[in-house]
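Visitor: sequence below, structure please.
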Amino acid sequence: MTGRLSGRLAAHLKENFGLYLLILFFFLIGLVSGMVTVKILPDGQRDGLQSILGVVTDNTARPLSETLQRSLFTHYQALILITLSGFTVLGPPVALAIVGVRGFSQGFTLASMCYVWGFKGALAAFLTLFIPSLILLPVLWFLALKSIQMSTEALRLKIMHLHMPLDRKKSYLSSCCAGGVILLGVVLFEAFLAPWILSGLSGWLVS
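Guide: Modelled structure (predicted):
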């Protein structure tokens with residue numbers, strides 16, 4: 001069973017290597033841009049990062065419901081936009097832009113934590129940012145791939161004056177829904193575990 005899954009995964013990656021490389025390129029551009037942005041911020045604004053992160057580490061400063069709503073909105077807004085854009089010619093630019101913006105967000109957050117807390121911030125980022133990214137990023141890149149493929153196929157069929165087969169639409173939507181189910185794990189981590197971890201580390205981070 002495991003061998004079959006790994007074989008299918010390897011075949012999928014090999015078949016779509018070029019597109020995944022493009023998606024990764026846009027993510028890395030966003031990631032580096034986010035880190036550079038923190039580096040070039042004026043001193044006054046960079047010092048303000050400490051007060052922002054101070055609120056983040058205070059587990060009582062933000063209600064759980066607000067954290068949950070924010071995480072749900074962030075991830076499922078991206079999911080819906082990527083999914084819907086796949087039915088239009090805007091699929092590639094929308095998907096790649098969302099990947100780039102997500103990379104920027106992660107780069108900015110990582111650089112902010114390292115700037116304010118140094119090595120301790122790198123450890124906190126590993127626990128609260130890197131771990132959920134092991135789920136988030138593959139799902140995001142997979143959804144972006146499917147959206148780009150669906151969009152280009154829809155454009156090709158439109159030029160040929162043909163209609164998209166219903167089974168193809170169902171397959172695409174099933175893939176997006178599966179991605180949405182997996183994203184629930186990221187939402188739950190960000191809403192429950194990440195604040196708890198940061199709150200537990202707060203004393204050590206500021207010491």
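
Visitor: my read: Arg102 touches Gly30, true?
Guide: Yes - Arg102 is within contact range of Gly30, at 6.7 Å (criterion: Cβ atoms under 8 Å). For every residue, glycine as well, the C-beta is placed using N, CA and C.

Visitor: common neighbours of the two, please.
Guide: Common neighbours of Arg102 and Gly30 are not found (criterion: Cβ atoms under 8 Å, 6 or more residues apart in numbering).

Visitor: point out where this protein drops to low pLDDT.
Guide: 1-3, 46-47, 50-64, 206-207 (pLDDT under 70).

Visitor: could you point out which element follows the lengthiest helix in it?
Guide: Counting by DSSP state H, the longest helix found in the chain is helix 131-159. In the C-terminal direction, the helix or strand that comes right after helix 131-159 (DSSP states H and E) is helix 166-188.

Visitor: now the angle from that following helix to helix 131-159?
Guide: Angle of helix 166-188 versus helix 131-159, following axes from the mean of the first three to the mean of the last three Cα atoms, to 10 degrees, is 160 degrees.

Visitor: what's the first helix or strand after helix 166-188?
Guide: Scanning onward from helix 166-188 (DSSP H and E), the first element met is helix 194-205.

Visitor: dump the C-alpha coordinates for that following helix into PDB.
Guide: Extracted in PDB, the C-alpha atoms of helix 194-205 (Å, rounded to 0.1, in the frame of the first residue of the first chain):
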ATOM      1  CA  ALA A 194       0.400  27.800  18.200                       C
ATOM      2  CA  PRO A 195      -1.000  30.300  20.800                       C
ATOM      3  CA  TRP A 196      -0.500  27.800  23.600                       C
ATOM      4  CA  ILE A 197       3.100  27.200  22.500                       C
ATOM      5  CA  LEU A 198       3.900  30.900  22.200                       C
ATOM      6  CA  SER A 199       2.300  31.600  25.500                       C
ATOM      7  CA  GLY A 200       4.300  28.900  27.200                       C
ATOM      8  CA  LEU A 201       7.500  30.300  25.600                       C
ATOM      9  CA  SER A 202       6.700  33.900  26.300                       C
ATOM     10  CA  GLY A 203       8.700  34.200  29.500                       C
ATOM     11  CA  TRP A 204      11.700  32.500  28.000                       C
ATOM     12  CA  LEU A 205      11.500  34.600  24.800                       C
END
